[in-house]
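Visitor: Sequence first, predicted coordinates after that:
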Amino acid sequence: MEQPHPTNQLGLLRIPGPDVSQIALRLSPLSARDHFDPDLWPQHPLSKSSSFPGWWEIDVDQMGLADGVYEYEFVAGGNPVADPYAEELTRFAGYRGLLTMSAGQRVRKAFGWDDEFKPGVDLPNNNQIVVYEMPIKWMSSDPSENPLVELGTFDKLIYEHLDQLIALGINCIGLLPIEDTPQTLNWGYGTRFFFAPDYDIGTPVDAKFFVKYCHQRGVRVFLDVVMNMFATECPLAGLAKSWFWEPASPGREDFSQDLFHYSSPSYGDYYAAREFLCEMGEYWVSEYHVDGYRVDDFKDINNYEFVQDFCDRATAQSKQLFPNKPFLVVAEDSNRRFSITDGDAFDGHRVVDSIWNFGYRDEIRKLLTDSIDTNFGEPSRSARVEHLISMEGVWNNLPRSFDPGYGDMTCSVDYITSHDVADAARLMNVILGPMLASAGLAGDDIDGIKWAVDNADTWSDTRVRDTVLAACRRVFGGFAILMTSVGIPMFLAGEEFGDVHDMSFTDVNPKQEDPVQWLRADFSSNSALLTNVGELIRLRTSHPALQRDEVEAFYFHPQFDNNDAPRVFAYCRTGGQQVGSTGQVIVVANMGAANYPNYEIPRWPWGNTPLTEVGSMTTGALAFDAGTGSLNVA
């Protein structure tokens, strides 16, 4: 069925209204705000659509409006209601849309994309990206005691942080939701207007400039989109609740919001909620040139057909407008179903391109804290490590078995820490807390960890600094595994320099109101971590062996699978060549408590081939013993 809201008719305002008997448009020049009184604005009745039942429309191009910017809203049943398709917002005694008229026609504010793609600057393919997960509202440089005094915005991000992140090697930014939400201080997982940037973080021009700025420097931009639910303040419910809303049901979490209705058509074979969100996906591709999506809460959406349609249409829109630009749609599926990325997953093809690898997050944290247990009758610790670094599917504690694997490295977004810190705290907290408690230097709670990091460089007891440095080294080890595993690596803003929590990460509100404390990146141990993580990122984005699927574990300590035994192992990203060939990436890891002044790896496949060590957090001399064929690490 033809969609009732074609995006190429900018002047035709068409909105759903099956639940109302009449709708009128009222608007006023924004320049007349000094005489603000919407009740006195003239009302222009909308007509019922002759083509689409339940829809109302009015053509503002036929209204003879003078040039300028207008604030507008609808009146339905005597009540004001904003346009759910509003592309820009104003806030004054409520939220209304903005529209711009020029020569009698509705136009979008001018924005030049002509210099978006620079000669010699290419956007990375999906197998080349490192994703930097970014809540824009956290991207403020304010170092005060109250970090929320200054809220992160597009311009703060661009002019205070973006160049440093690009210098670090970041080539893909995953923005937490930027569509408008009533939630000012948190992450934005409650969308109110699906076609407009959040009023608190910037205008459409600001958002477009951010994307262009990134593209000019070879950085891709992904949007996190919320499609399971919508904020109660969203105007859809006031206009067409019978089409868009459904009650909560067992197995579908609503997170205190309104659930989208996907299960039955609104009329004929038309599904209003599905179409609305697919149009949204196409819109941000065409108008903002985004390079991919993360689909939030795929598990609760629980509709393969809809998400597949969203993925297909957004991808097709990108391919049509930008034939040579890569694109990726990632699902946050906490049920860990890599099957949805298979070529024949549903109706003969994949549902999405990739999923967040929750299992990877859980398993690498166990590896980093030496808490993988080898139980009788279950796979060994070494087998679990081999699965972690490969595409074979990681261990799942619930069924006590390995998850199914996946067909290509781009099917998995691997991470140690994401914004969902309630499930998994920042890595520095996990690593440093027990170390401080064991040394009797501070508590392992949020306040103790924060105190140690913030005072390590100045405290009279040098053991504090030494312990923080040791923790940073362990965090570096986590990054080394992440950047060399088979998958798309991702990490949360601030992890690159070992930021820690300032507020509770288990409470739903404080965990979202705890922005990155950028001043910590200048502390000595954290600065060293940042420098060395940058080396790992640049290795990941440049080395061809890390952009392929092959990996081989070639060494485990003979007692690796025993309890309370050494935890040294080594693996190679082979680049499709036999282990021992040139141009490979080799990882030697010690994930146990024991320190080794010297360590020998027998039968070293590379002989005396010169090695280049990446990162100097735990540097040591490397020497090949030709007599024994071993590598000695001092």
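Guide: Thanks, I have the structure now. Please read all numbers here as calculations on a predicted model, not as lab measurements.

Visitor: which phi and psi does residue 242 have?
Guide: Residue 242 has phi and psi values of phi -70, psi -20 when expressed as degrees, to the nearest 10.

Visitor: ok, now residue 492?
Guide: Dihedral angles for residue 492 - degrees, to the nearest 10 - are phi -80, psi 140.

Visitor: now residue 331
Guide: phi -100, psi 140.

Visitor: same check, this time on residue 553
Guide: Torsion angles, degrees, to the nearest 10, at residue 553: phi -80, psi 120.

Visitor: Residue numbering should commence at 25 henceforth.
Guide: Understood, numbering begins at 25; the last thing we discussed is residue 577.

Visitor: my guess is it contacts residue 595, does it?
Guide: Yes. Using Cβ atoms under 8 Å, residue 577 is in contact with residue 595, at 4.3 Å. Yep, even glycine has a C-beta here, placed from its N, CA and C like the rest.

Visitor: State the mean pLDDT of the biggest helix by length in the chain.
Guide: Scanning the chain for the helix with the most residues, using DSSP state H, yields helix 486-508. This predicted structure assigns helix 486-508 an average pLDDT of 97.

Visitor: for that helix, packing partners?
Guide: helix 382-392, helix 405-413, helix 451-463, helix 470-479, strand 512-516, helix 548-566, strand 609-614 (3 or more Cβ pairs under 8 Å, 6 or more residues apart in numbering; DSSP states H and E).

Visitor: Turn those into CSV, columns for mean pLDDT and mean neighbour count.
Guide: Shown next, in CSV, are the helices and strands packed on helix 486-508 (pLDDT from 0 to 100; neighbours: other Cβ atoms under 10 Å):
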stretch, mean pLDDT, mean neighbour count
helix 382-392, 97, 21
helix 405-413, 97, 22
helix 451-463, 97, 20
helix 470-479, 96, 20
strand 512-516, 98, 26
helix 548-566, 98, 21
strand 609-614, 95, 19
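
Visitor: and of the ones you listed, who's closest to residue 249?
Guide: strand 512-516 (16.6 Å; Cβ to Cβ).

Visitor: ok so, going back, spell out which residues are contacts of both of residue 577 and residue 595.
Guide: 410, 413 (Cβ atoms under 8 Å, 6 or more residues apart in numbering).

Visitor: More neighbours: these two, which one.
Guide: residue 595 (24 against 18; other Cβ atoms under 10 Å).

Visitor: quick check, the more buried one in a strand?
Guide: Yes. Assessed with DSSP: H, G, I helix; E, B strand; the rest coil, residue 595 lies in a strand.

Visitor: Show me the beta-bridge partners of it.
Guide: residue 577, residue 611 (DSSP bridges).

Visitor: show me what contacts it?
Guide: 410, 413, 508, 575-579, 610-611.

Visitor: same thing but at 7 Å, please
Guide: 413, 575-578, 611 (Cβ atoms under 7 Å, 6 or more residues apart in numbering).

Visitor: Now do it against residue 615, distance only.
Guide: 12 Å (Cβ to Cβ, to the nearest Å).

Visitor: Can you lay out the helices and strands packed on helix 486-508 as JSON lines showing distance to residue 248?
Guide: Formatted as JSON lines, the helices and strands packed on helix 486-508 follow (distance: least, Cβ to Cβ, whole Å):
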{"stretch": "helix 382-392", "distance to residue 248": "16"}
{"stretch": "helix 405-413", "distance to residue 248": "25"}
{"stretch": "helix 451-463", "distance to residue 248": "21"}
{"stretch": "helix 470-479", "distance to residue 248": "26"}
{"stretch": "strand 512-516", "distance to residue 248": "12"}
{"stretch": "helix 548-566", "distance to residue 248": "21"}
{"stretch": "strand 609-614", "distance to residue 248": "30"}
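
Visitor: between the ones you listed, which one is nearest to residue 309?
Guide: Nearest to residue 309, of the helices and strands packed on helix 486-508 and by Cβ to Cβ, is strand 512-516 at 19.9 Å.

Visitor: and the closest one, how far out from the chain's middle?
Guide: Computed by Cα atoms, centre = their mean, to the nearest Å, the chain-centroid distance of strand 512-516 equals 8 Å.

Visitor: Looking at the contacts of residue 595, which is nearest residue 147?
Guide: residue 575 (25.7 Å).

Visitor: So what's the residue count around that closest one?
Guide: 22.

Visitor: How about the contacts made by it?
Guide: Per Cβ under 7 Å, 6+ apart, neighbours of residue 575: 413-414, 510, 595, 597-598.

Visitor: Turn those residues into TSV, including distance to residue 152.
Guide: Below are those laid out as TSV (distance: Cβ to Cβ, whole Å):
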residue	distance to residue 152
413	19
414	19
510	14
595	21
597	14
598	18
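
Visitor: Among the residues you listed, which one lies nearest to residue 524?
Guide: Closest approach to residue 524 among those (Cβ to Cβ): residue 413, at 27.0 Å.

Visitor: Can you tell me, leaving aside adjacent residues, what's nearest to the closest one?
Guide: residue 509 (4.6 Å; Cβ to Cβ, 6 or more residues apart in numbering).

Visitor: how many neighbours does that neighbour have?
Guide: For residue 509, the tally of surrounding residues (other Cβ under 10 Å) stands at 26.

Visitor: List the contacts of it.
Guide: Residue 509 touches 412-413, 438, counting by Cβ under 7 Å, 6+ apart.

Visitor: Out of those, which comes closest to residue 498?
Guide: residue 412 (16.8 Å).

Visitor: Quick check: residue 359 touching residue 322?
Guide: No. Between residue 359 and residue 322 there is no contact under Cβ atoms under 7 Å: 8.1 Å.

Visitor: more neighbours, those two?
Guide: Per other Cβ under 10 Å, whichever of residue 359 and residue 322 has more neighbours is residue 322, with 25 against 11.

Visitor: Tell me what the residue lying closest to the more buried one once chain neighbours are set aside is bridged to.
Guide: Nearest residue to residue 322 in three dimensions, chain neighbours excluded: residue 355, at 3.9 Å (Cβ to Cβ, 6+ apart). Note on residue 355: beta-bridge partners residue 319, residue 379, judged by DSSP bridges.

Visitor: Report pLDDT for residue 355.
Guide: The model's pLDDT for residue 355 equals 98.

Visitor: same deal with residue 40?
Guide: 96.

Visitor: so where's this protein shaky on pLDDT?
Guide: The chain contains residues with pLDDT under 70 at 25-26, 31-32, 165-174, 642-643.

Visitor: what about the helices in it?
Guide: In the chain, the helices defined using DSSP H lie at 178-181, 187-192, 228-240, 260-268, 296-312, 322-325, 328-345, 382-392, 405-413, 451-463, 470-479, 486-508, 548-566.

Visitor: Brilliant, that's me finished.
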